[in-house]
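Q: Sequence first, then the predicted structure, then my questions.
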Amino acid sequence: MATMINVPQWGMGITEGKITSWLKSQGDDVAEGEPVVEIETAKAVQEVESPASGILVRILVAAGETVPVREPIGIIAARGESVD
């Protein structure tokens, strides 16, 4: 089953984050807990860890874009798993 990577809510006043860079590319293997993306908020740039092991099958938000907290920015799936 595919797992979404979402923008975390790091603090009560944080409402959005800007993707500064992806540390993994689409198609790369990722391990649970491994940093996959850096997000800038009003307070700092922080790394977001992978919530699951698998393959980063889709990057939904490109570097430089700003998105609300809790919004999906990427998808991790098992090798061979179809993601629509």
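A: Looks like it arrived, so ask away.

Q: show me where the protein has strands.
A: Secondary structure of the chain by DSSP state E: the strands cover 3-6, 16-22, 29-30, 35-40, 45-49, 54-59, 66-68, 72-77.

Q: Please produce TSV containing those strands, extended by mean neighbour count.
A: Quick note: C-beta positions are derived from backbone N, CA and C, even for glycine. Listed next are the strands of the chain as TSV, based on neighbours: other C-beta atoms under 10 Å:
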stretch	mean neighbour count
strand 3-6	18
strand 16-22	18
strand 29-30	16
strand 35-40	19
strand 45-49	15
strand 54-59	19
strand 66-68	14
strand 72-77	20
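
Q: mind checking how far Ala31 is from Glu65?
A: Using C-beta to C-beta, to the nearest Å, Ala31 is found at 25 Å from Glu65.

Q: Just the mean pLDDT for stretch 41-58, thanks.
A: Over the span of stretch 41-58, the pLDDT mean works out to 93.

Q: ok, residues contacting it?
A: For stretch 41-58, contacts defined as C-beta atoms under 8 Å, 6 or more residues apart in numbering pick out 2-5, 7-8, 10-11, 13-14, 16-18, 20, 23-39, 74-79, 81, 83.

Q: now do stretch 18-26
A: 30, 34-41, 45, 47, 56-59, 61-67, 73-74.

Q: likewise stretch 60-67?
A: Under C-beta under 8 Å, 6+ apart, the answer for stretch 60-67 is 7, 16-22, 71-75.

Q: now those residues in JSON lines, with distance to Pro51 and pLDDT?
A: Converted to JSON lines, those look like this (distance: C-beta to C-beta, whole Å; pLDDT from 0 to 100):
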{"residue": "Val7", "distance to Pro51": "12", "pLDDT": "95"}
{"residue": "Glu16", "distance to Pro51": "20", "pLDDT": "94"}
{"residue": "Gly17", "distance to Pro51": "16", "pLDDT": "94"}
{"residue": "Lys18", "distance to Pro51": "20", "pLDDT": "96"}
{"residue": "Ile19", "distance to Pro51": "16", "pLDDT": "97"}
{"residue": "Thr20", "distance to Pro51": "19", "pLDDT": "97"}
{"residue": "Ser21", "distance to Pro51": "19", "pLDDT": "98"}
{"residue": "Trp22", "distance to Pro51": "15", "pLDDT": "98"}
{"residue": "Glu71", "distance to Pro51": "14", "pLDDT": "97"}
{"residue": "Pro72", "distance to Pro51": "11", "pLDDT": "97"}
{"residue": "Ile73", "distance to Pro51": "12", "pLDDT": "98"}
{"residue": "Gly74", "distance to Pro51": "10", "pLDDT": "97"}
{"residue": "Ile75", "distance to Pro51": "11", "pLDDT": "97"}
